[in-house]
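Asker: what would the 3D arrangement of this be:
(chains A and B)
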Amino acid sequence: MEKEALISAIKEIVSPYTEDKTTLENISEETDFITDLKVNSANLVDIVLDIEEKFGIEIDNDSMAKMLNVKAAMEIIEAKLAENDRK
Amino acid sequence: MTNRVVITGLGVVSPNGADLGQFRHALKNGLSGIRHDPQLEQLLFSCQIAGKPVIDEARLSQYFTELEIRNLDSTGIVYGVIAGMDAWKDAGLEIADSEVPDWESGTVFGTGTSGIDKFRSAIYKLDNLEIRKLGSTVVAQTMASGVSALLAGKIGLGNQVTTNSSACATGTESVLMAYERIKNGQATIMLAGSTSDSGPYIWGGFDAMKVCTYKHNGNPEKGSRPMSETASGFVPGSGAGALVLESLEHALSRGAKIYAEILGGNVNAGGQRGTGTMTAPNAQAVQRCIVSALAASGVNPTEIEVINGHLTATSKDTLEIENWVKALGRSGKDFPYINSVKGMTGHCISASGSIECVASVLQISEGFIFPNINCEDLHPEIEKLVDPLQIPRVCLEREFDILIKASFGFGDVNACLLLKRYHHGERSIN
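Answerer: Residues are numbered from 1 along each chain as shown, chains lettered A, B, ... in the order given. Reported below is the predicted structural model:
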């Protein structure tokens, strides 16, 4: 999947969980969910669930713990999609 | 030194009125909120009628963020937050700024259980080995204190934030707990109230106990019949009531509208001794609760003008009247006026006490005594104790000064409080 498309998909998923719409508009690989987007840490699991549903993947606990910023989310999504392709 | 405590804000979500204006109108006009409930019929309930407040999505979005509405599956939290926020606004109070909470304001907001529908869906997911799909919202919606926690966050409360639970006495108890805290100088403002979920999963247990009526499925509005000879069990209800309590001094200093003063009250239990059981009251404890509430308030039984009873429309109504007669030492024509909200709302379980406290405050502050509906056939045993004229069947426009309110609950628990009309212009403090 194209990088831009992936960022845009993540942006859409994260949207309901952040009130900082300016930061959301300027979302990039470097954006951190908690420190930049001010997402409530309890909602990170909801974001993971929404990502799972959107991409048809399953994210394990270790990956989930790493998913604190856009870059990590992209790497995990791509890795899981690749696993799916191999199956 | 103790503080005098007044009521400065009201909010209500009742089956017969989902906001204060509608509720007042329904009370005065004896309008029932009991409807046939297709879901109860489908699930083979004996009692297929119920009292459920009507909240549309537009209203919901005024109180909850889009994110909160996602996966929101706790009617008790919905009712409680709406009633609580309405009461806060009615009192003319502000929301705390984003950094510092309001240290002097807190809440005691009770419930019997929370988010039973949320629990149900979570349990289905768990048993289906889908624990990882629960998401983050289960705890906040199913913990009993979910309602007080959410209210505290919305308003920014920095004093005590808690949820009490004493079955059908919960709402009246919450008002007394909040009253004590202000009286003792531990808080300046307390949001008191209680809520109760809607639906088959909260009402099923009562239906199974055969304490609900099954004789009015075709005639819902006639189903809830407190003090009637043909009363055949309560009609399950739901909703929430909320009251802002405040020290008189603080209310006067900010020029708040004052609905009524709380003179005092009492909570006790019958210990499930004597006639008391898990489900039946120890009559001695009920009378003792009333007598102690009078003493704590410095009110003589002869001063009582209106009683707002618990009166659920079960066979226990006569016993309740007998307890009032004995505790007050008054009967026949000398008995105060008495009424029950439940004829119009059904029994709103853990929300009943607070919804009825709101009704009581409206009566004393606005000078009316709402009608008892569905007791055109007053129970003959009650008629032996109390003159029928003291049980109004039409709304009486009447100013009065002292009202006593009691609620009784499973577990043999009792709560009773006294309200006094507030005369504006009166400035003396103790």
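Asker: mind checking the SS state of the residue nearest the centre of chain A?
Answerer: Residue closest to the average C-alpha location in chain A (CA atoms, centre = their mean): A:Ala73, at 4.3 Å. For A:Ala73, the secondary structure call by DSSP: H, G, I helix; E, B strand; the rest coil comes out as helix.
Asker: now the closest residue to it other than its chain neighbours: how far from chain B?
Answerer: Distance criterion CB to CB, 6 or more residues apart in numbering or on different chains; nearest residue to A:Ala73, sequence neighbours excluded, is A:Met67 at 5.1 Å. The C-beta positions use only the backbone N, C-alpha and C, and glycine is treated the same way. Note on A:Met67: its distance to chain B, by CB to the nearest CB, to the nearest Å, is 14 Å.
Asker: now do the same contact list for A:Met67.
Answerer: Counting by CB atoms under 8 Å, 6 or more residues apart in numbering or on different chains, A:Met67 makes contact with A:33, A:44, A:47-48, A:59, A:73, A:76.
Asker: what pLDDT does it get?
Answerer: On pLDDT, A:Met67 comes in at 93.
Asker: then the one 4 residues further on?
Answerer: Here the pLDDT value assigned to A:Lys71 is 96.
Asker: ok, A:Glu2 next?
Answerer: Reported pLDDT for A:Glu2: 86.
Asker: number of nearby residues for it?
Answerer: For A:Glu2, the count of nearby residues is 7 (other CB atoms under 10 Å in any protein chain shown).
Asker: distance of it from A:Val14?
Answerer: Separation of A:Glu2 from A:Val14 (CB to CB, to the nearest Å) stands at 18 Å.
Asker: from the chain's centroid, how far away is stretch B:5-18?
Answerer: Distance of stretch B:5-18 from its chain centroid, counting by CA atoms, centre = their mean, to the nearest Å, is 9 Å.
Asker: correction: the previous question concerned stretch A:66-73.
Answerer: Using CA atoms, centre = their mean, the offset of stretch A:66-73 from its chain centre is 6 Å.
Asker: buried ones in that stretch?
Answerer: If you call a residue buried by 16 or more other CB atoms under 10 Å in any protein chain shown, then stretch A:66-73 has these buried ones: A:67-70, A:72-73.
Asker: and that stretch, how far apart are its ends?
Answerer: 8 Å (CA to CA, to the nearest Å).
Asker: do the same with stretch B:402-416
Answerer: 13 Å.
Asker: what's the separation between the closest residue to chain A within the stretch 51-200 of chain B and A:Glu75?
Answerer: Here the stretch 51-200 of chain B gets closest to chain A at one residue, B:Ser136, 4.5 Å apart by CB to the nearest CB. Per CB to CB, B:Ser136 is found 23 Å from A:Glu75.
Asker: same question, A:Lys3
Answerer: 11 Å.
Asker: and for A:Glu58?
Answerer: Counting by CB to CB, the gap from A:Glu58 to A:Glu75 is 16 Å.
Asker: which one of the two has more residues nearby?
Answerer: In terms of neighbours (other CB under 10 Å), A:Glu75 is the more surrounded of A:Glu58 and A:Glu75; the figures are 14 against 11.
Asker: so for B:His424, what's the pLDDT?
Answerer: According to the model, B:His424 scores 79 on pLDDT.
Asker: gap between it and B:Lys222?
Answerer: 41 Å.
Asker: among those two, which residue is more densely surrounded?
Answerer: B:Lys222 (20 against 8).
Asker: could you find the closest non-adjacent residue to the residue of chain A found nearest chain B?
Answerer: Residue of chain A nearest chain B, by CB to the nearest CB: A:Ala42 (4.5 Å). Spatially, and ignoring its direct neighbours in sequence, A:Ala42 is nearest to B:Ser136 (4.5 Å; CB to CB, 6+ apart).
Asker: my guess is the one you found contacts A:Asp46. True?
Answerer: Yes: between B:Ser136 and A:Asp46 there is a contact at 5.2 Å, judged by CB atoms under 8 Å.
Asker: anything in contact with each of these two?
Answerer: The contact lists of B:Ser136 and A:Asp46 share no entry, where a contact means CB under 8 Å, 6+ apart.
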